[in-house]
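Colleague: just to be clear, the model below is a prediction. Sequence and coordinates:
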Amino acid sequence: MSRGGSRSRFLRSFLTSPRQVGAVLPTSRRTVRDTLAMAPVESARRVVEIGAGTGVYTREILARIGPEARVLAFEIDPALARALDAEIADPRLSVINDSAAEVAKHLNGATADVIVSAVPFTSLPPGLGRKILEASRAVLAPGGAMLVLQYSPFVEIQLKRTFGSVQRRISPLNVPPAFLYACRIDSNGAAGAR
Ligand SMILES: C[S@@+](CC[C@H](N)C(=O)[O-])C[C@H]1O[C@@H](n2cnc3c(N)ncnc32)[C@H](O)[C@@H]1O
């Protein structure tokens, strides 16, 4: 699928469910790279992606991980999930058309070394963002990191409450400019989202 084709698919999804998608364009390549530079994705054995959309993060994650690593990509929009599954023929990838709040069910007791999220926490239905953060924290491997892309800093306080350790950077070459977070569980700090 051409870049134009995947952009119009993304825009259709936004027009149908603007609060669920939260952006009119997929994330820029530069911002995807800025995000993934915040954790050692190359050495991850299992990566969970939340809100895969047209796969801009998915492709870059697959390009970085090793041959034995796995990516579970969650996408709640059935049309986007179907297209992603059809477009990327890589045995390391499983596209899951379910809410990221159900991540534990799909991991069957396993953990994720890196979680990459682009879901728009501030516009999701009440309580869902918190559920996704708690579910993500619960499956994060010791020493692992959750990378979060947002278009505002409003979720930062909830990230700090959930994980304890939160590093932030801004990626200006995106429409709109993005706030990027790397969250790690600080055993002296967070005890789950409140
Ligand atoms: C801002 S878009 C990001 C898409 C893509 N990762 C990118 O960076 O271009 C957010 C995506 O999250 C998906 N999404 C929203 N809520 C979700 C949920 N609870 N579980 C899984 N995906 C979700 C939306 O359908 C949308 O594709």
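Modeller: That came in fine, so what should we check first?
Colleague: ok, stretch 60-75 near the ligand or not?
Modeller: Yes. Stretch 60-75 reaches the ligand (C-beta under 6 Å from any ligand atom) through 74-75. For glycine as for every other residue, the C-beta is placed from the backbone atoms N, C-alpha and C.
Colleague: first vs last residue of that stretch, how far apart are they?
Modeller: Length of stretch 60-75, first residue to last, C-alpha to C-alpha, to the nearest Å: 17 Å.
Colleague: now it, how far from the centre of its chain.
Modeller: How far stretch 60-75 lies from its chain's middle: 12 Å, per C-alpha atoms, centre = their mean, to the nearest Å.
Colleague: in it, what's buried?
Modeller: Within stretch 60-75, the residues that qualify as buried are 60-62, 64-65, 69-75, counting by 16 or more other C-beta atoms under 10 Å.
Colleague: and for it, what's in contact with it?
Modeller: Residues from elsewhere that reach stretch 60-75, judged by C-beta atoms under 8 Å, 6 or more residues apart in numbering: 29, 32-33, 36, 41-53, 55, 58, 81, 84, 88, 90, 92-100, 103, 106-107, 112, 116.
Colleague: ok, and which of those reach the ligand?
Modeller: Among the contacts of stretch 60-75, the ones lying near the ligand by C-beta under 6 Å from any ligand atom are 50-53, 99-100.
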